[in-house]
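# Provided below are the primary sequence and the corresponding predicted coordinates.
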Amino acid sequence: MTSLVLLEFNASGIKQPSRSAVAAAITLGEVHVMVAGVDLGEAAARAAKIPGVSKVLVAENSALDHAMAEPIAALLLTLAPGYSHLFAATTAVGKNVMPRVAALLDVQPISDIAAVVDADTFVRPIYAGNAMATVKSTDAKKVITVRAASFDPVAADGGNATIENLTVGDMPTLSRFVSAELSKSERPELTAARVVISGGRGMQNGENFKLIEPIADKLGAAVGASRAAVDAGFVPNEFQVGQTGKIVAPELYVAVGISGAIQHLAGMKDSKVIVAINKDEEAPIFQVADYGLVADLFTALPELAAELERS
Amino acid sequence: MKIIVPVKRVVDYNVKVRVKADSSGIDTAGVKMSMNPFDEIAIEEAVRLKEKGIASEIIAVSMGVAQCAETIRTALAMGADRGILIESDADLQPLAVAKMLKVLVEQENPQLVILGKQAIDDDMSATGQMLAALLGWSQGTFASKLNIEGDGLTVTREVDGGLETVSLRLPSIVTTDLRLNEPRYASLPNIMKARKKPIANMKPGDLGVDVTPRLTVIKVEEPPKRKAGQKVGSVAELVSKLRTEAKVI
Ligand SMILES: Cc1cc2nc3c(=O)[nH]c(=O)nc-3n(C[C@H](O)[C@H](O)[C@H](O)COP(=O)(O)OP(=O)(O)OC[C@H]3O[C@@H](n4cnc5c(N)ncnc54)[C@H](O)[C@@H]3O)c2cc1C
Ligand SMILES: Nc1ncnc2c1ncn2[C@@H]1O[C@H](COP(=O)(O)O)[C@@H](O)[C@H]1O
């Protein structure tokens, strides 16, 4: 039984959610990984260093750049016969590509698994994580996306896999990448950060998110937000934490001016320690917070920044 | 152009669901059901395309129990022209739904199918991508902007690092993200008008699709509950507890 994991990478290496997907795959046996796109030398070398990986498949072709779903799915379809399981992280790329592959294979995908029971059986959250379903697949091959927050990523270094270059044939040209507006931030990625501080509607506007910055700087935190804060335009869409945004499980999650709707809790309730700052002591966020501070955020945030600065 | 919009009947997003005592699933008895919120966004987008003169007809499709007809009525009241109900008491998983949609697409010949990016009950986020695969069509998932120009379509997608724009050849599949639009409420006159719009009724067998679930649900359980925490009196106390008690800073 061998699994193939689709990896995502950037200039700083193989992305952490992909290494969580490798962690899930390793529980089932041998693991191969694939990198696809252009200029893959560095990515392939990094992938080969992931402990527990025995082979890196390198698919170099301009049609595969930007992880477009149509060509990547077509490629995975050709590789599928050699594997019992195909994995990717539950990211924008994984969610876009894997169901497409599954349909081509006549397989029902198993989305966003939080645990592996055995080769056919997996646990996945449903209803915004308000229930955990254990499901057994009757398909011969499994196509799976992995909830990164539920699997500790394997290390980035220590392995020594062989590298194999694939010959990539003609690719579908149904779609074309036009442009990307990606936020450039010095901060850690939301899904990889040890500390996350999120602001909600209570922040009132985008300018006020500046109050969070010195605290995030001090704690090395990523900044997140509720849907309400994103919809109101305070911060960009990629900040959204929740059922339909990003799922995070940091050591410390600080929710500021967030009420704690089911859909928000779905994205952060597996954090190790949760702090809530809200002026309404009845706010549902306090039901999941380890430490609750009933306070006006406009006084609490500057105080918090000062307090952290002091020591 | 014709547009098909699949609309799923789900437990309303405001309901805190409860797991059944025998761990067989979710207790839906007497629980409020609504159209999947992402599908409202899909209908809204289709209606706007019709108002712009780009779409000629909008067909709302729902698959599941007989009451899915109510979900279709809601879509008709928002501006869809007619409905198709595929009635079944089976657990319809995305592969089966996509296969049935494929047959309907072949019968109806739309240029565009707009689905929700995710059903908020099963949280699969799979059906649109699967339909695109089965049809061999392009896909623009998690769309926050959509522009039709000639025989192509430009879609701005919400991705992990921000936004991405792709250009797609029609016919195409689009799945909606939250910020694509804000769905309208159906007005009373439109709700009245919707009563007269036709809904065709079919069964999975009529489409020749085997809907046997590929995933068997072994059990459904409550997630681990968080222990009730403590209130702190000041920022200083908070910081001190995070340092010495929780040891996370
Ligand atoms: C299909 C669907 C998907 C969704 N997906 C998500 C998702 O992924 N993520 C998500 O977050 N939401 C999601 N939502 C939205 C969710 O239901 C809530 O509407 C949203 O989380 C509310 O955001 P909020 O807590 O910032 O705003 P509100 O609920 O308005 O809460 C604002 C809070 O700020 C507090 N406050 C105000 N002023 C101050 C002050 N000066 N000092 C301190 N506290 C203050 C208030 O007491 C209040 O508790 C989704 C909804 C739907 C229908
Ligand atoms: N039973 C169904 N009836 C109609 N549409 C559905 C059904 N199941 C899924 N869909 C569509 O597929 C989208 C994604 O669902 P899912 O893949 O289950 O998360 C939904 O937002 C709907 O547009």
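Received the coordinates, thanks. Ligands and ions are numbered 1, 2, ... in the order given.
# so who does residue A:163 touch?
A:44-45, A:48, A:55-56, A:58 (Cβ atoms under 8 Å, 6 or more residues apart in numbering or on different chains). To be clear about C-beta, it is placed using only N, CA and C from the backbone, and glycine gets the same treatment.
# For those, work out which two are farthest apart.
A:45 and A:55 (13.8 Å; Cβ to Cβ).
# Who has more neighbours out of those two?
Neighbours were tallied for residue A:45 and for residue A:55 using other Cβ atoms under 10 Å in any protein chain shown; the higher tally belongs to residue A:55 (17 against 14).
# Angles on the backbone of that one, please.
Dihedral angles of residue A:55 (phi, psi; degrees, to the nearest 10) stand at phi -150, psi 140.
# Quick check, pLDDT for the residue of the stretch 201-311 of chain A found nearest ligand 2.
Relative to ligand 2, the nearest point of the stretch 201-311 of chain A is residue A:244 (10.4 Å; Cβ to the nearest ligand atom). At residue A:244, the model reports a pLDDT of 94.
# Could you list every helix and strand that the host helix or strand of residue A:275 packs against?
Assigned by DSSP states H and E, residue A:275 belongs to strand A:273-278. In terms of contacts (3 or more Cβ pairs under 8 Å, 6 or more residues apart in numbering or on different chains; DSSP states H and E), strand A:273-278 is packed against strand A:252-256, strand A:291-294, helix A:297-310, helix B:235-244.
# Name the stretch among the ones you listed that sits most buried.
Of the helices and strands packed on strand A:273-278, the one with the most neighbours on average (mean count of other Cβ atoms under 10 Å in any protein chain shown) is strand A:252-256, at a mean of 28.
# For chain B, tell me whether the helix or strand following that one is touching it.
Per DSSP H and E, strand A:252-256 leads on to helix A:262-265 as the next helix or strand towards the C-terminus. Yes - judged by Cβ under 8 Å from any Cβ of the partner chain, helix A:262-265 and chain B are in contact via A:262-263.
# Any part of helix A:262-265 near ligand 1?
Yes - interface with ligand 1: helix A:262-265 contributes A:263-264 (Cβ under 6 Å from any ligand atom).
# Give me the contacts around that helix.
Outside helix A:262-265, the residues that reach it (Cβ under 8 Å, 6+ apart) are A:128-130, A:200, A:226-227, A:241-244, A:255, A:258, A:284-285, A:288, B:13, B:16.
# Name the residues that touch the lengthiest strand in chain B?
Looking across chain B with DSSP state E, the single longest strand is strand B:138-149. With contacts defined as Cβ under 8 Å, 6+ apart, strand B:138-149 is touched by A:69-70, A:92, A:95-96, A:100, A:174-175, A:237, B:45, B:49, B:54, B:112, B:117, B:128-129, B:132, B:153-159, B:163, B:166, B:168-170, B:172-180.
# from those, which are also near ligand 2?
The subset of the contacts of strand B:138-149 within reach of ligand 2, by Cβ under 6 Å from any ligand atom, is residue B:128.
# Next, check the contacts of strand B:138-149 against the strands and list the overlap.
A:175, B:112, B:153-159, B:163, B:166, B:168-169, B:172-176.
# mind listing what residue B:19 touches?
Neighbours of residue B:19 in contact, by Cβ under 8 Å, 6+ apart: A:130-131, B:25-27, B:220-222.
# Likewise for residue B:101?
By Cβ under 8 Å, 6+ apart, the residues touching residue B:101 are B:4, B:6, B:61, B:113, B:127, B:131.
# Please identify the helix or strand for it.
According to DSSP H and E, residue B:101 maps onto helix B:94-108.
# Next, the angle from that helix to strand B:172-176.
On the basis of axes from the mean of the first three to the mean of the last three Cα atoms, to 10 degrees, helix B:94-108 is oriented at 130 degrees to strand B:172-176.
# what about helix B:94-108, near ligand 2?
Yes - for helix B:94-108, a contact with ligand 2 is found by Cβ under 6 Å from any ligand atom, at B:94, B:97.
# What residues sit buried inside that helix?
By 16 or more other Cβ atoms under 10 Å in any protein chain shown, the buried positions in helix B:94-108 come out as B:94-105.
# any idea how far that helix is from the chain center?
With Cα atoms, centre = their mean, to the nearest Å as the basis, helix B:94-108 stands 15 Å off its chain's centre.
# Only alpha carbons, please: show that helix as CSV.
Presented in CSV, the C-alpha positions along helix B:94-108 are these (Å, rounded to 0.1, in the frame of the first residue of the first chain):
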residue,chain,number,x,y,z
PRO,B,94,-21.4,14.4,-3.8
LEU,B,95,-20.4,11.7,-6.3
ALA,B,96,-24.0,10.7,-6.8
VAL,B,97,-25.2,14.3,-6.9
ALA,B,98,-22.6,15.2,-9.5
LYS,B,99,-23.5,12.2,-11.6
MET,B,100,-27.2,13.1,-11.6
LEU,B,101,-26.3,16.8,-12.3
LYS,B,102,-24.3,15.6,-15.3
VAL,B,103,-27.3,13.8,-16.8
LEU,B,104,-29.4,17.0,-16.2
VAL,B,105,-26.7,19.1,-17.9
GLU,B,106,-26.8,16.8,-20.9
GLN,B,107,-30.5,17.1,-21.1
GLU,B,108,-30.7,20.9,-20.6
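# quick one, phi psi at residue A:31?
Note on residue A:31: backbone dihedrals following degrees, to the nearest 10 are phi -130, psi 130.
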